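**Student:** The following block contains a protein sequence and its predicted model.
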Amino acid sequence: MSSSAQVFNDMKIAIMSRWNATCGVSLHAEIIGRKFRELGHDVIVYAPTLESADADWHHRHIDVIDEPWVHRVFEETDECLYPAGGSIRSEELLEDDYDAFILESVVRFPVNEFKRIASKIKKKAPLILVMHLGYIRDVDPFMEIDWDKIVVFDSRYVKEILSIYGRRVEEKTVEVPYPCPIFDDVKPIRLKSLEDVFLFFTFGRQPVREYLDYVRALRRLSEKYDFKYLIIRSDRGLPFRDRWIIQRCERPEMKMIHRYLRGSDVHLLPKGDTRAVVISSTLAQTIYSGVPIVVPDTRHFELIPVDENGFGPIVKYRIGDTHDLERKLSTLMEDDDLRRRISKMAREYAKRYSDDFVAKKFLNLIKSLGV
């Protein structure tokens, strides 16, 4: 074991976050939290009650049982009441011992309740905020807390949001990219009825309108090609009844998602447009699969480089332009070498921002705070 690894022995890290849910906030906490444990550290998670979190459209508990070190100790508030409302069983947070406290921000977190105990937690351990919020209006309440460090995924969060709070906040801010989980021990899974057909794949629970570009482009392509489109939905199905669409209702955990992906030919990732500062946790979760990912050119993907035709580690099309999308899907179907090149670039991209790399960046950050 290296000396740098020995420095981190016996650390206990608290994470306050959503957990085991269909949500980018939850996914980030799960990736780094499980990697901390894999690297030999103790982790305790303070999560919201399922009843309160499930009131949010974005949150659904996936098909797993919480780990014994996960404690559901707070009630989320309503987004319209935020930052007021909700509750925290503060005595549990204040009685436990930990060496660092990481909080994953979300616009239903009972931040006014947390402010009452933040200074007491700081006496026990450094306070680190992970910034998921994309609008200044939602960030204001969190900036009333004296964080030791604020983690952002890229420089846009500083330029467009945190810079308004001045040097005091900017000097606390550190860029740590959103992690990409690396799975090498995953076997592809594919329905027997789909073994000899080109397969498009989508999973999740995006609003119906965000699938429209894909469905309408594929309808035209279906006149020329034989293919299937497998859609895994965590809630109710979509209203489309095209013969080439297959829908299943599941909330698979991450490795099962990778099995589906590696049994597919192209991953279609639906996203709506937004002016917020955002990244796509779905992309980070899936890019190491190597299956070419097609996305609209929204802010979720704006920092991922592609060539003038929209090809790179991912494939971007002009959102709403189903003709541009149709051309790119047709090219992917016909060009095996292109799919292999995209797959190679995707895996190289994922390795640069791997879960191991990001977890160690967090551990070095904690170490820099004197732990």
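**Tutor:** Okay, I see it.

**Student:** Please work out the average pLDDT along stretch 34-54.
**Tutor:** Mean pLDDT, taken over the full extent of stretch 34-54, equals 96.

**Student:** Show me which residues of it are buried.
**Tutor:** For stretch 34-54, burial by neighbour count (16 or more other Cβ atoms under 10 Å) applies to 34-36, 41, 43-48, 50, 52-53. Placement of C-beta: from N, CA and C, glycine included.

**Student:** mind saving the C-alpha coords of stretch 278-292 as CSV?
**Tutor:** In CSV, the C-alpha atoms belonging to stretch 278-292 read as follows (Å, rounded to 0.1, in the frame of the first residue of the first chain):
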residue,chain,number,x,y,z
VAL,A,278,-26.5,21.3,-15.9
ILE,A,279,-24.6,18.1,-16.7
SER,A,280,-26.1,14.7,-17.6
SER,A,281,-25.7,12.1,-14.8
THR,A,282,-27.2,9.5,-17.2
LEU,A,283,-24.3,10.1,-19.7
ALA,A,284,-21.7,9.8,-16.9
GLN,A,285,-23.4,6.6,-15.7
THR,A,286,-23.4,5.0,-19.1
ILE,A,287,-20.5,6.3,-21.3
TYR,A,288,-18.0,3.6,-20.2
SER,A,289,-20.3,0.9,-21.8
GLY,A,290,-18.9,1.9,-25.1
VAL,A,291,-22.3,1.8,-26.8
PRO,A,292,-22.6,5.0,-29.0
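
**Student:** Now do it: distance to the chain's middle.
**Tutor:** Centre-to-centre, stretch 278-292 and its host chain are 8 Å apart (Cα atoms, centre = their mean, to the nearest Å).

**Student:** Touching, residue 208 and residue 238? I think so.
**Tutor:** Yes. If you go by Cβ atoms under 8 Å, residue 208 and residue 238 touch, sitting 5.8 Å apart.

**Student:** and stretch 141-153, how far out from the chain's middle?
**Tutor:** With Cα atoms, centre = their mean, you get 20 Å for stretch 141-153.

**Student:** What's the end-to-end length of it?
**Tutor:** 20 Å (Cα to Cα, to the nearest Å).

**Student:** For it, buried residues please.
**Tutor:** So, applying 16+ other Cβ under 10 Å, buried residues of stretch 141-153: 141, 142, 143, 145, 147, 148, 149, 150, 151, 152, 153.

**Student:** likewise stretch 302-320?
**Tutor:** Buried residues in stretch 302-320, counted by 16+ other Cβ under 10 Å: 304, 306, 310, 311, 312, 313, 314, 315, 316, 317, 319.

**Student:** distance between it and the chain's centre?
**Tutor:** That offset, for stretch 302-320, works out to 19 Å (Cα atoms, centre = their mean).

**Student:** can you list contacts of that stretch?
**Tutor:** For stretch 302-320, contacts defined as Cβ atoms under 8 Å, 6 or more residues apart in numbering pick out 154, 156, 213, 273, 279, 283, 287, 292-298, 301, 324-325, 328, 332, 338, 342, 345-346, 348-349.

**Student:** Take the residues you listed and keep only those in strands.
**Tutor:** 293, 294, 295, 296 (DSSP state E).

**Student:** The second one: neighbour count?
**Tutor:** Which is residue 294. Other residues within reach of residue 294, judged by other Cβ atoms under 10 Å, total 24.

**Student:** ok, now which ones touch the closest residue to residue 356 other than its chain neighbours?
**Tutor:** Closest residue in space to residue 356, ignoring its immediate chain neighbours: residue 35 at 6.4 Å, by Cβ to Cβ, 6 or more residues apart in numbering. Residue 35 is in contact with 179, 355, 356, 358, 359, counting by Cβ under 8 Å, 6+ apart.

**Student:** I'd like the buried residues of stretch 141-153 written out as JSON lines, with secondary structure and pLDDT added.
**Tutor:** Shown next, in JSON lines, are those (DSSP: H, G, I helix; E, B strand; the rest coil; pLDDT from 0 to 100):
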{"residue": "141", "secondary structure": "helix", "pLDDT": "97"}
{"residue": "142", "secondary structure": "helix", "pLDDT": "98"}
{"residue": "143", "secondary structure": "helix", "pLDDT": "97"}
{"residue": "145", "secondary structure": "coil", "pLDDT": "97"}
{"residue": "147", "secondary structure": "coil", "pLDDT": "98"}
{"residue": "148", "secondary structure": "coil", "pLDDT": "98"}
{"residue": "149", "secondary structure": "strand", "pLDDT": "98"}
{"residue": "150", "secondary structure": "strand", "pLDDT": "98"}
{"residue": "151", "secondary structure": "strand", "pLDDT": "98"}
{"residue": "152", "secondary structure": "strand", "pLDDT": "98"}
{"residue": "153", "secondary structure": "coil", "pLDDT": "98"}
